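> build the 3D model from these lines:
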Amino acid sequence: MNENFDRAPGAGRTRNLPADHGMGGAAGDGETKTTLFNQREPLRQPRTSPPYGENNISAASDMGVGEFKRPSKPQQSANANSTSASRRNNELDSLVKSSKLSASAPEFVPSGINLYEDSTFYDDSEGYYSEPTLADTVTDFLGHLSSSPGSFESDTEYITNMLNSWVTTEELLNELVELIYTQSTAIPNFSYTGARLCNYLSHHLNISPPSGNFRQLLLKRCRTEFEQRDVAVRGDAETRKKFHSFVLFLGELYLNLEVKSGKGPPNRAEILLSALNDLMNSLFSHPVDENLICAVKLLKLTGSVLEDAWKENGKPHMEKLIQRIETILLDANCSRDVRQMLLKLVELRSSDWGRVRVAAAASNATPDNDPNYFMNEPTFYTEDGTPFTAADPEYAEKYQEILDRQDYFHDIYGENGNEEYESDEDEMEPEIEEAFENFCLESERKRQQ
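Alright, predicted model coming up:
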């Protein structure tokens with residue numbers, strides 16, 4: 001067995017038998033070899049199976065019949081691989097013939113990439129680098145004022161200077177008026193700031209074309225909306241919502257828009273005084289909840305100013321409006337919450353819109369003639385928790401005690417109230433020192449008991 005053992009690398013692993021062991025050997029040897037070969041696992045197929053060449057075929061034909069039958073499975077795999085490889089070669093040939101790729105092409109573009117040949121695509125991208133328009137600038141500025149109303153004075157002066165150099169034609173002025181009106185009625189809770197901005201621009205914009213200055217064009221734009229009031233109060237929900245925003249903006253505009261006069265201080269726009277009366281009559285003519293809520297808000301906002309102005313002119317408009325509200329409370333089918341709002345409004349008007357007119361001048365005010373005499377005085381509490389104010393007869397005496405107590409603690413603890421009392425024992429007076437020692441002895445005696 002040692003004589004037939006081959007020590008060469010890979011010995012005994014070849015498919016072909018050694019040359020000295022042919023088919024002429026003993027039958028027993030052949031059977032033994034066949035049994036040993038069949039016990040081994042077949043060789044692993046390669047990952048890629050190239051087709052067999054002619055040399056492999058001729059080598060297989062040179063093998064004996066017995067030897068050719070042994071590796072039956074590998075031979076079948078080789079035939080299958082040869083068939084699939086030839087099929088792939090045919091597919092590649094057909095793909096190359098039908099391909100539109102060219103080596104001389106200027107660039108290669110994968111099939112999944114879409115090309116935008118439309119020139120407008122590139123034109124739109126240039127918009128990011130173009131100058132901002134008037135609409136973009138005004139919209140951004142109004143949005144900034146809406147989020148930061150505290151910076152109104154400084155920011156409005158800056159934007160007005162920029163608008164003076166920008167708005168140089170009648171067309172741009174009309175566009176500016178439309179932008180401010182639209183944003184003032186569209187941004188929630190912006191009507192007050194928008195009205196202030198309109199007043200500022202009406203006095204500081206330099207352009208004044210023949211069609212009118214900023215204030216005149218703004219009032220003309222408001223008149224366009226005003227003339228549609230009878231239709232708007234009966235429109236759908238969206239139409240009524242826009243109309244109510246316009247009504248509240250017009251109320252703010254009446255309170256904030258100043259019209260300069262030749263003599264004396266500036267006045268309010270008188271044309272808005274009659275317009276607001278007509279608007280409230282239109283709202284009460286169709287007493288649904290939304291219209292009534294808008295009327296209540298407008299009267300709470302401008303009621304006292306409107307009544308004073310109408311009384312000056314001798315017009316009983318406010319009396320008539322209150323009578324219409326009382327009629328609506330009796331006849332209209334409004335909701336309970338809206339009915340409560342109308343009742344509160346009537347009570348507010350009966351108290352002169354919450355104003356106190358009996359207050360005397362500050363120099364002549366006394367607790368007897370001024371109900372607000374003690375309004376700004378502080379409230380103090382005694383040791384047992386009883387509050388007392390300046391209206392208390394013993395206020396002066398108790399207040400003086402508090403001041404004395406504050407001065408006492410101020411001398412001991414200092415101004416901040418947390419400074420320790422600093423004093424040397426050598427500087428302590430004899431009476432105080434004796435009292436302090438008695439105090440310490442008494443404390444020690446109580447502690448021991």
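> so where do the strands sit in this protein?
Assigned by DSSP state E, the chain shows strands spanning 258-259, 267-268, 380-381, 387-388.
> ok, now how distant is the residue lying closest to T160 once chain neighbours are set aside from N267?
Sequence neighbours aside, H204 is the residue nearest to T160 in space, at 4.9 Å (criterion: Cβ to Cβ, 6 or more residues apart in numbering). (Each C-beta comes from the backbone N, C-alpha and C, glycine too.) Taking Cβ to Cβ, to the nearest Å as the measure, H204 falls 19 Å from N267.
> in terms of neighbours, single out the busier of those two.
For the pair H204 and N267, the greater number of neighbours falls to H204 (14 against 11), based on other Cβ atoms under 10 Å.
> just the pLDDT for that one.
Looking at H204, its pLDDT reads 92.
> same deal with the one 3 residues further on?
Turning to I207, the model gives it a pLDDT of 91.
> number of residues surrounding the closest residue to I328 other than its chain neighbours?
Counting by Cβ to Cβ, 6+ apart, I328 lies nearest to P287, which is 5.0 Å off, once chain neighbours are set aside. P287 is flanked by 21 other residues according to other Cβ under 10 Å.
> how near is P287 to F246?
19 Å.
> and for R229?
Remark: distance between R229 and F246 (Cβ to Cβ) = 9 Å.
> so for those two, which sits in the more crowded spot?
Taking other Cβ under 10 Å, R229 and F246 do not tie; F246 has more neighbours (22 against 18).
> so who does the more buried one touch?
The contact partners of F246, taken as Cβ atoms under 8 Å, 6 or more residues apart in numbering, are T185, C222, E225, F226.
> I'd say the first one and F243 touch.
No - with contact defined as Cβ atoms under 8 Å, T185 does not reach F243; the gap is 9.4 Å.
> so between the two, which is more surrounded?
A side-by-side neighbour count of T185 and F243, using other Cβ under 10 Å, places F243 first with 24 against 21.
> got a pLDDT number for the more buried one?
As predicted, F243 sits at a pLDDT of 95.
> same check, this time on T120
So T120 comes in at 49 (pLDDT).
> I figured V296 was touching R339, is that so?
No - between V296 and R339 there is no contact under Cβ under 8 Å: 10.9 Å.
> now do the buried residues in stretch 152-168.
Within stretch 152-168, the residues scored as buried using 16 or more other Cβ atoms under 10 Å are D155, T156, I159, T160, L163, V167.
> how close does the fourth one get to Q340?
By that I understand T160. T160 is 44 Å from Q340, by Cβ to Cβ.
> check I271 too.
For I271 relative to Q340 (Cβ to Cβ), the value is 34 Å.
> now swap in H203 and tell me
42 Å.
> between the two, who's got more neighbours?
More crowded of H203 and Q340, by other Cβ under 10 Å: H203, with 14 against 11.
> which ones are touching that one?
Applying Cβ under 8 Å, 6+ apart, the residues contacting H203 are E258, K260.
> before we move on, what about G303?
Applying Cβ under 8 Å, 6+ apart to G303 gives the contacts M318, L348, R349, W353.
> the second one and R355 touch, don't they?
If I follow you right, that is L348. No - L348 is beyond contact range of R355, at 10.3 Å (criterion: Cβ under 8 Å).
> neighbour-wise, which of the two wins?
In this view L348 and R355 are compared by other Cβ under 10 Å, and L348 has more residues nearby, 16 against 9.
> what about stretch 200-209, how long is it end to end?
18 Å (Cα to Cα, to the nearest Å).
> for it, buried residues please.
Across stretch 200-209, burial judged by 16+ other Cβ under 10 Å covers Y200, L201, S202, L205, I207.
> do you know the pLDDT at the first one?
Going back to what we said before, that points to Y200. 94.
> so what's it up against?
Y200 touches T156, T160, counting by Cβ under 8 Å, 6+ apart.
> go with 6 Å
Applying Cβ atoms under 6 Å, 6 or more residues apart in numbering, we find Y200 in contact with T156.
> how near is it to N256?
9 Å.
> can you check the last one too?
Distance of I207 to N256, computed by Cβ to Cβ: 21 Å.
> for L299, the count of nearby residues, please.
24.
> give me the pLDDT for the closest residue to it other than its chain neighbours.
Using Cβ to Cβ, 6+ apart and skipping residues adjacent in sequence, the residue nearest L299 is L345, 6.0 Å away. For L345, the pLDDT comes out at 93.
> what of N164?
At N164, the model reports a pLDDT of 92.
> hmm, N206 and it touching each other?
Yes - counting by Cβ atoms under 6 Å, N164 does reach N206; the two are 5.1 Å apart.
> could you list the low-pLDDT ranges of the stretch 101-250 of the chain?
For the stretch 101-250 of the chain, the stretches with pLDDT under 70 are 101-103, 105-130.
> repeat that for the stretch 251-400 of the chain.
357-400.
> at 80 what do you get?
The stretch 251-400 of the chain contains residues with pLDDT under 80 at 261-264, 332, 356-400.
> helices of that one, start to end?
270-285, 289-312, 317-331, 336-350, 395-413 (DSSP state H, counting those that start in this stretch).
> re earlier: and the residue nearest to L299, how far is that from R240?
With Cβ to Cβ as the criterion, L345 and R240 are 20 Å apart.
> same check on N199?
From N199 to R240 the distance is 27 Å (Cβ to Cβ).
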